[in-house]
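Asker: Everything below, folded, please.
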Amino acid sequence: MRVKSYRKEFALPPNPKARHLRCYAHLDENIGKLLPYLNTVLGGHQYDKETPSLTLKFKGKLITLYSQMIAINILKDEAEADSILEWLRREINETWKRRREIEPSYEVSAKPRILDILRLLPKTNCQQCGQATCMVFATQVSEGVSCPDDCPPMDEPSRRKLQKYLDAYQPACWS
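Answerer: Coordinates of the predicted model:
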């Protein structure tokens, strides 16, 4: 059940003022039985056993994995879609290889706590991350929209400590 290829299609959202894309990747393999394992590995935001589907909130995007399709919302362009799809293809294939070592999860995992994240930030409200305050940045980190590397003034020991904390809840940020 390795994903070797997929066929992409792009759509504009129904709002004519929106300036982002949606991508639908139609998979060459059925990954439905792998979704509970991916839920464990990727720390899903929502898991639906009936459909089956797994939704991830990651880097400000909603990514939903279905048995034979991946849907990604809020994309800048096709290159961003390609980057995310290749990351997911690698994660799916690696999870397939390691599935005997992974306990499948049919539940939604807890999110990192905002205040725990805030405690590890420099709390300078410097706005170098692009956010008004460290509290807003901590919220984005909790939601998977931002990563520790997005905070320029954070020292390396704090960055490692925060990443270790986050690793218990979500996968490392993709490049």
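
Asker: now I117, nearest residue through space, not along the chain?
Answerer: Nearest-residue entry for I117: A138, 4.2 Å, with adjacent residues in sequence omitted and distances by Cβ to Cβ, 6 or more residues apart in numbering. For the C-beta atoms, the positions are set from N, CA and C on the backbone; glycine is no exception.

Asker: what helices or strands is the helix or strand the one you found falls within leaning on?
Answerer: Element membership for A138 (DSSP states H and E) is helix 134-143. Other elements packing on helix 134-143 under the criterion 3 or more Cβ pairs under 8 Å, 6 or more residues apart in numbering; DSSP states H and E are helix 114-120.

Asker: mind redoing it with 10 Å?
Answerer: Judged by 3 or more Cβ pairs under 10 Å, 6 or more residues apart in numbering; DSSP states H and E, the packing partners of helix 134-143 are strand 53-58, helix 114-120, helix 156-167.

Asker: tell me which residues in it are buried?
Answerer: Residues C134, M135, V136, F137, A138, T139, Q140, V141, S142, E143 are the ones in helix 134-143 that count as buried (16 or more other Cβ atoms under 10 Å).

Asker: How far off centre is it?
Answerer: Distance of helix 134-143 from its chain centroid, counting by Cα atoms, centre = their mean, to the nearest Å, is 15 Å.

Asker: mind listing what the most far-flung residue of the chain relative to its centre touches?
Answerer: The outermost residue of the chain relative to its centre, with distances by Cα atoms, centre = their mean, is T124 at 26.9 Å. T124 makes contact with T133, C134, C151, P153, M154, according to Cβ atoms under 10 Å, 6 or more residues apart in numbering.

Asker: Pick out whichever of those residues sits closest to L35.
Answerer: Nearest to L35, judged by Cβ to Cβ, of these is C151 at 32.4 Å.

Asker: so that closest one makes contact with Q131?
Answerer: Yes - in terms of Cβ atoms under 10 Å, C151 counts as a neighbour of Q131; the distance is 9.4 Å.

Asker: and these two? which has more neighbours close in?
Answerer: Using other Cβ atoms under 10 Å, the more surrounded residue of C151 and Q131 is C151, with 24 against 19.

Asker: Find the nearest non-adjacent residue to that one, please.
Answerer: Closest residue to C151 apart from its sequence neighbours, by Cβ to Cβ, 6+ apart: C129 at 5.2 Å.

Asker: Check whether the one you found really touches T139, as I assumed.
Answerer: No - if you go by Cβ under 10 Å, C129 and T139 don't touch, sitting 11.7 Å apart.

Asker: Need the overlap of contacts for the two.
Answerer: S146.
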